[in-house]
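Visitor: Next input, structure requested:
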Amino acid sequence: MRNASGRPSQAPSAVSLTDPTIHEDCLELLREQMPLSRSYLHSYEGAENAVAHLAGMMVFGESTWVPIRGGKLDLGTWQRLFLVELFEPRTRTVDVAVLGE
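Guide: Residues are numbered from 1 along each chain as shown. Next up is the predicted model:
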């Protein structure tokens, strides 16, 4: 079993289809549910930063678990592991932990 988490929390990991339309649907849903026009208490770096933290917590979670079989990630045919950049592009740290045999 493998666990991955991005730091800071504006760059979570997720397992998703490789189809770009699902990524666009996800972005549209985030825009509807967490609009930048709303006033956020956490606004030190603007609404974009607040939304990035909220989406990281409420939508994606802090980490992603993926089984490993035969030394490889055991994903579905169309699945891939993604690092989801929710704020400004920058160098990120990804922690990986492998558990089990």
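Visitor: what are the ranges of the helices in the protein?
Guide: 20-33, 47-55 (DSSP state H).
Visitor: So which of those helices is nearest S9?
Guide: helix 47-55 (5.7 Å; C-beta to C-beta). Just so you know, the C-beta spots here come from the backbone N, C-alpha and C atoms, and that holds for glycine as well.
Visitor: Just give me the neighbour total for T77.
Guide: Number of residues near T77 (other C-beta atoms under 10 Å) recorded here: 6.
Visitor: Next one, pLDDT for it please.
Guide: Here, the pLDDT recorded for T77 equals 93.
Visitor: which residues touch it?
Guide: By C-beta atoms under 8 Å, 6 or more residues apart in numbering, the contact set of T77 is empty.
Visitor: Also P12?
Guide: When contacts are counted by C-beta under 8 Å, 6+ apart, P12 touches 5-6, 56, 60-64, 83-84, 86.
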